[in-house]
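Q: A structural model of the following input is requested.
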Amino acid sequence: MIIIVMGVSGSGKTTIGSLLARDLGWDFYDADDFHPPQNITKMSRGLALNDEDRLPWLLELRALIRDCIHNEKQAVIACSALREIYRTSLCVSDIVKFVHLKGSFEVIRQRLLNRQNHFMTADLLTNQFSTLEAPADGLSMDISLPPGQIIKAIRIALGI
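A: From the prediction side, this is the model:
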């Protein structure tokens with residue numbers, strides 16, 4: 001199984017994804033590490049990415065997922081996957097599952113304002129929320145729960 005923990009910046013994808021992977025003994029990947037340098041520069045300047053900017057990033061992630069499946073490695077990936085078209089691109093097999101971390105704009109904005117040493121600025125959050133096409137199916141988790149409860153709920157829901 002490949003689990004993609006998705007949501008807007010500041011929703012806790014890296015925190016929940018890395019804790020879940022550790023709990024399961026699976027590999028963890030942060031999609032932020034796969035952005036080309038020009039994307040990071042653009043976001044650091046407070047400029048939102050467009051679909052053209054995201055394409056090479058999505059292709060890298062798609063290759064990662066295919067590689068994990070080919071090598072029979074289970075993994076958790078923290079990835080915004082904001083639009084349905086991005087999720088469709090990443091869903092190369094029925095063993096890819098999405099977990100949407102959702103929360104209010106204000107809670108997430110406060111998290112971003114408190115975060116240090118990250119290229120994504122709080123100024124881009126409005127764009128993230130407007131870009132987000134919440135999944136119609138799959139698992140959604142309220143970020144107001146403690147991380148341990150979120151991990152437990154994900155494991156129960158996915159039967160892992």
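
Q: contact partners of the longest strand out of those in the chain?
A: When the chain is parsed with DSSP state E, its longest strand is strand 96-102. The contact list for strand 96-102, computed with Cβ atoms under 8 Å, 6 or more residues apart in numbering, reads 1-7, 11-13, 16, 65, 81, 87, 90-91, 134-135, 138-143, 150, 154, 158. C-beta: built from backbone N, CA, C; applies to glycine.

Q: need the helices for this protein, in chain order.
A: Remark: helices assigned in the chain by DSSP state H are 13-24, 37-44, 51-70, 84-90, 105-114, 125-131, 147-158.

Q: Buried ones from the contacts of strand 96-102, can you make that a PyMOL selection?
A: Remark: buried members of these, expressed as a PyMOL selection using 16 or more other Cβ atoms under 10 Å:
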select buried, resi 1+2+3+4+5+6+7+11+12+13+16+65+81+87+90+91+135+139+141+143+150+154
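
Q: wait, what's in contact with the residue lying closest to His35 once chain neighbours are set aside?
A: In space, and not counting its chain neighbours, His35 is closest to Trp57: 5.3 Å by Cβ to Cβ, 6 or more residues apart in numbering. Neighbour list for Trp57: 31, 34-36, 39 [criterion: Cβ under 8 Å, 6+ apart].
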